[in-house]
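Trainee: Structure here, sequence nowhere to be found:
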Ligand SMILES: C[S@@+](CC[C@H](N)C(=O)[O-])C[C@H]1O[C@@H](n2cnc3c(N)ncnc32)[C@H](O)[C@@H]1O
């Protein structure tokens, strides 16, 4: 962009120069942030399957018309200024807010009944809710997030929607998380009994989860958290499980069974069927998120989005999350990598680097995308939801599968570090 058009953009947009420069450097059209285009982006909800007949009552409750999103089942758009949180339909768990592009990323996973799914950056949990809904009364979902308070909000969400039965949530670094999926425990149990014998704490079996923890347990958890906050997350530290549902497979397991890792065994056999890596990013594709900085202050934006060092760290983190997610994937399974950034550095460049280091990773075409309002990314088969044309929030999506004979867990973790 030349200095004249930059001047023009600046006069039309309430954006700080440094942000306009950031967009310019990354080839992103700043006009997506104009009030007008943000205004054109509707809000989206997903309607709980089975509630279709109550559509009229929900419209009356929300005081607006719901427009069916033809390209994505169970999604509806509504005017951006409608608040859904105070509606009865929301409070009764019949609808929840999730952008249609996010819904597309989940649907790219092709969730099938019985799948064991890993969501490596799960909080606050909109995509996790959709995965749980698609699984219904089958399979399992393991949600992981490094931010405890965000994952606690995710726990509240899945409980509110009564979706938590098949789910377990771990506070952990997604770049090093390595617990095996639930379905694999029975095989592991016999393997352990046969080959290694039972561990010391095997007599302590997980009982049904309750939010009312015994005082002794709560005190221990607080102490451990305080200790943890004084030191950086150690890669060897056990993930902290903050929720597990009745059918999640955790009840009846011992701690040593639950904390079996894929790294020490054959990941092709014991990995997850589907993995979502909705990676931490600069969120520049989310117009609504960027507009919040008008209230939060543009200096916060500079610190959170534009700090070059932070952005470099982010791309390293994104590659590590993608690599670890792939290590935990079964041969033949699907992994979806997504970010709500529009920069190439956090998307295509990460994908390219990942593919160059993982010869067993194959980029896949997303079949359903033929009717989605998205464009191809710089790399064929990757997709971009562009807020200007898709009427959704900005999102990058890439889908991979794992071919047989991948390098060992230790080898690829070493390559990514
Ligand atoms: C884009 S948000 C995920 C949104 C979520 N998938 C959803 O649909 O609601 C990225 C998340 O990554 C988490 N995160 C950042 N670094 C992480 C790490 N090293 N391991 C796991 N999660 C991480 C953040 O706390 C944040 O909740």
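Mentor: Arrived safely, thanks for sending. A quick note: this is a predicted structure, and the numbers were derived from the prediction, not measured. Numbering: from 1, shown residues only.
Trainee: near the ligand, which residues of the chain?
Mentor: For the chain, the residues in contact with the ligand (CB under 6 Å from any ligand atom) are 102, 120-127, 144-147, 150, 173-175, 278, 280, 317. For the C-beta atoms, the positions are set from N, CA and C on the backbone; glycine is no exception.
Trainee: Narrow the residues you listed to just the buried residues.
Mentor: The neighbour-count test (16 or more other CB atoms under 10 Å) marks 102, 120-127, 144-146, 173-175, 278, 280, 317 as buried among the residues of the chain next to the ligand.
Trainee: mind listing which of those are in helices?
Mentor: Using DSSP state H, 102, 126, 127, 317 are the members of those that sit in helices.
Trainee: Please enumerate the strands of the stretch 301-417 of the chain.
Mentor: Under the criterion DSSP state E, counting those that start in this stretch, the stretch 301-417 of the chain carries strands at the ranges 329-339, 361-364, 375-376, 383-385, 395-402.
Trainee: make that the chain, sorry
Mentor: With strands called from DSSP state E, the chain shows them at 43-47, 67-68, 75-78, 95-97, 116-119, 140-145, 167-171, 240-244, 272-278, 329-339, 361-364, 375-376, 383-385, 395-402.
Trainee: Turn these into CSV, including mean pLDDT and distance to residue 290.
Mentor: CSV is the format used below for the strands of the chain (pLDDT from 0 to 100; distance: least, CB to CB, whole Å):
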stretch, mean pLDDT, distance to residue 290
strand 43-47, 96, 16
strand 67-68, 97, 25
strand 75-78, 97, 20
strand 95-97, 94, 18
strand 116-119, 98, 25
strand 140-145, 98, 22
strand 167-171, 97, 28
strand 240-244, 95, 30
strand 272-278, 97, 18
strand 329-339, 96, 14
strand 361-364, 98, 29
strand 375-376, 96, 20
strand 383-385, 96, 15
strand 395-402, 97, 14
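Trainee: now these in JSON lines, with distance to residue 285?
Mentor: What follows is the strands of the chain, written out as JSON lines (distance: least, CB to CB, whole Å):
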{"stretch": "strand 43-47", "distance to residue 285": "15"}
{"stretch": "strand 67-68", "distance to residue 285": "22"}
{"stretch": "strand 75-78", "distance to residue 285": "18"}
{"stretch": "strand 95-97", "distance to residue 285": "17"}
{"stretch": "strand 116-119", "distance to residue 285": "20"}
{"stretch": "strand 140-145", "distance to residue 285": "20"}
{"stretch": "strand 167-171", "distance to residue 285": "26"}
{"stretch": "strand 240-244", "distance to residue 285": "29"}
{"stretch": "strand 272-278", "distance to residue 285": "12"}
{"stretch": "strand 329-339", "distance to residue 285": "8"}
{"stretch": "strand 361-364", "distance to residue 285": "20"}
{"stretch": "strand 375-376", "distance to residue 285": "13"}
{"stretch": "strand 383-385", "distance to residue 285": "8"}
{"stretch": "strand 395-402", "distance to residue 285": "6"}
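Trainee: Do I have it right that residue 28 meets residue 284?
Mentor: Yes. Counting by CB atoms under 8 Å, residue 284 is a contact partner of residue 28 at 6.9 Å.
Trainee: burial of residue 166, as a residue count?
Mentor: Neighbour count of residue 166, defined by other CB atoms under 10 Å: 24.
Trainee: List the residues that contact it.
Mentor: 132, 135, 137, 138, 139, 140, 141, 245, 247, 248 (CB atoms under 8 Å, 6 or more residues apart in numbering).
Trainee: Output the residue ranges of the helices in the stretch 301-417 of the chain, listed in chain order.
Mentor: 308-327, 348-357, 387-390, 409-416 (DSSP state H, counting those that start in this stretch).
Trainee: what would the ones in helices among the buried ones among the residues of the chain next to the ligand look like in JSON lines with pLDDT?
Mentor: JSON lines is the format used below for those (pLDDT from 0 to 100):
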{"residue": "102", "pLDDT": "98"}
{"residue": "126", "pLDDT": "96"}
{"residue": "127", "pLDDT": "98"}
{"residue": "317", "pLDDT": "97"}
